[in-house]
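Engineer: this is a predicted model, with the sequence first.
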Amino acid sequence: MGTILLKHATLKGKQKDILIKGNRIAVIADSIPVRAAREIDCTGKSVIPGLINMHTHSAMSLLRGVSEDVPLTEWLNKIWSIEKHLQKEYVYWGARLAILEMIKTGTTCFLDMYWMSPQVAQAVEEMGIRGVLTYVFLDNYDTEKAEKQKSECIRIHGYSKQWHKRCKFGVSIHADYTVSPHTMVWASGFAKEKGLLINTHISETEKEVLADKEKHGKTPVAFYDSLGILDSNVIAAHALWLEDEDIEIFAKRGVTAVHNVNSNLKLGSGCRFRYGDLKSAGVNVCLGTDGAASSNNLDMRESMKTMSLLQKGWTGDTTILPLNELMDVATVNGARALDLDTGRIEEGALADLVLVETRSEAFIPNINFESNFIYSANSSCIDTVICDGNILMEGGKVAGEEQLLEKADEMAWKLINAT
């Protein structure tokens, strides 16, 4: 790795030079009079941390639009009927398509819950982004399938030690309605023993909560907790239908909650994500797009806008989610949950940066950059993306994107027609 010098970048309203050495931010100053291997004139551009997508299913990008205007259960059945035909090449190209979209919309790191993680890891390594890639447990209460998944998880975990340092391995428990309690406990124990993150869907719909109360006499959160699963290594996706006791459990155990606002709205799962109560309890709250088969895109900036407007709308409180907090939800909060030294622009932090072009109608007048970025602009304002000290996109273009799109389109139709 060499050096990159960002000249005349706007950082929090002030013009700064930023020197990147290797994969770290080395110096931030009014002027840095050094020669670098690469110098970028950032006049008219603001710099923000790379966005962190805390919940997605990357290769579902190939299934964009296949199931529309249906509730979650029907949507899942349609998706699962297609996923029976997944092959490694589909997952690889679907992941590359997802990563391309994430790069072009300013995301530099994502937490993935999908099949065939070695193929996703290959895509991550080749395209330069960061990924926490999880092995997914979904045994449908089938003992034979559960044993097979345990063996496969152990094997892929061992193999993951060869992955690039930008890839981390984790474990996913799909949900308590698709994974047997025995398997849930095993997966949790394995993750804790190996120091891995656990990702899970929890309390996504009211139907799920009511079913758990009838079956277990507890909410999904309380049921997970009774199994000893909830801990500071748990990332809880959706967490939409939470009761007061659930929030207390999250806070006590150090669980991270991830809002997937666009997907929740589109599938009719609900709109009252309890951000204010979670924040007051000290719960770390992050943001995710969910997969492109339910949210239809992986655009974190768009999800930020929807989250903000919806919080103000359903609570009636315009102060509940200030812009600076929303930026943290989409950046440093995710970095904290994933134990990554990124999500902020400071000397010594990992060099995961995004340059936003502000010479456009969406930023005039540029009284409040964060307001313009979240409420006024769209993601075409993302000009340059740097991850781990490498330039992944410049001038809105990613090298080889045309060929990637052509191949991904071919793979999508092969998968869809296989059904």
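Structural biologist: Arrived safely. Numbers count the residues shown, from 1 in each chain.
Engineer: quick one: neighbours of His8, just the number.
Structural biologist: 14 (other CB atoms under 10 Å). Any C-beta I mention is one placed from the backbone N, CA and C, and that applies to glycine too.
Engineer: so it makes contact with Ile18?
Structural biologist: No: between His8 and Ile18 there is no contact under CB atoms under 8 Å: 10.0 Å.
Engineer: which SSE is the residue lying closest to Gly282 once chain neighbours are set aside in?
Structural biologist: Leaving aside its chain neighbours, Gly282 sits nearest to Ala251 (5.1 Å; criterion: CB to CB, 6 or more residues apart in numbering). Assigned by DSSP states H and E, Ala251 falls within helix 244-253.
Engineer: which of the residues in that helix are buried?
Structural biologist: Residues 246-247, 249-251, 253 are the ones in helix 244-253 that count as buried (16 or more other CB atoms under 10 Å).
Engineer: same thing with stretch 358-376?
Structural biologist: 358, 363, 366, 369-370, 372-374, 376.
Engineer: what average pLDDT does it get?
Structural biologist: Averaged across stretch 358-376, pLDDT comes to 97.
Engineer: also stretch 342-354?
Structural biologist: 98.
Engineer: so who does Asn333 touch?
Structural biologist: 52, 256, 284-286, 343 (CB atoms under 8 Å, 6 or more residues apart in numbering).
Engineer: need these in CSV (columns: neighbour count).
Structural biologist: Below are the contacts of Asn333 laid out as CSV (neighbours: other CB atoms under 10 Å):
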residue, neighbour count
Ile52, 30
Thr256, 26
Asn284, 22
Val285, 25
Cys286, 28
Gly343, 26
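Engineer: need the pLDDT of Asn284.
Structural biologist: 98.
Engineer: leaving out chain neighbours, which residue sits closest to it?
Structural biologist: Using CB to CB, 6+ apart, the closest residue to Asn284 is Thr256 (4.5 Å).
Engineer: looking at it, that neighbour is touching Ala337, isn't it?
Structural biologist: Yes: in this structure Thr256 lies within contact range of Ala337 using CB under 8 Å: 4.2 Å.
Engineer: next secondary structure after the one helix or strand Asn262 maps to?
Structural biologist: Assigned by DSSP H and E, Asn262 belongs to helix 261-266. Downstream of helix 261-266, the next assigned helix or strand under DSSP H and E is helix 275-281.
Engineer: how far does that next one sit from the chain's center?
Structural biologist: Helix 275-281 sits 20 Å away from the centroid of its parent chain (CA atoms, centre = their mean, to the nearest Å).
Engineer: equivalent analysis for stretch 156-176, please.
Structural biologist: 15 Å.
Engineer: what's the first-to-last distance across that stretch?
Structural biologist: 23 Å (CA to CA, to the nearest Å).
Engineer: what about His55, which SS state?
Structural biologist: strand (DSSP: H, G, I helix; E, B strand; the rest coil).
Engineer: need the residue closest to the centroid of the chain.
Structural biologist: Centroid check for the chain by CA atoms, centre = their mean gives Asn53 as the closest residue, at 2.0 Å.
Engineer: helix, strand or coil for the closest residue to that residue other than its chain neighbours?
Structural biologist: Distance criterion CB to CB, 6+ apart; nearest residue to Asn53, sequence neighbours excluded, is Phe110 at 4.1 Å. Look at Phe110: counting by three-state DSSP, its state is strand.
Engineer: who does Phe110 form a beta bridge with?
Structural biologist: In this entry, Phe110 is beta-bridged to Asn53, Gly131, by DSSP bridges.
Engineer: please shift the residue numbers so they start at 577 in all later answers.
Structural biologist: Right, with 577 as the first residue, what we last looked at is Phe686.
Engineer: which residues touch it?
Structural biologist: For Phe686, counting by CB under 8 Å, 6+ apart, the contacting residues are 628-630, 632, 634, 675, 678, 705-708, 874.
Engineer: among these, the buried ones, what's the ChimeraX command?
Structural biologist: Applying 16+ other CB under 10 Å to these, the buried members can be selected in ChimeraX as follows:
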select :628,629,630,632,634,675,678,705,706,707,708,874
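Engineer: where does the worst-scoring helix or strand of the chain on mean pLDDT sit relative to the chain's centre, distance-wise?
Structural biologist: Lowest mean confidence among the helices and strands of the chain (mean pLDDT, DSSP states H and E): helix 648-659, at a mean of 91. Put simply, helix 648-659 sits 21 Å off its chain's centre (CA atoms, centre = their mean).
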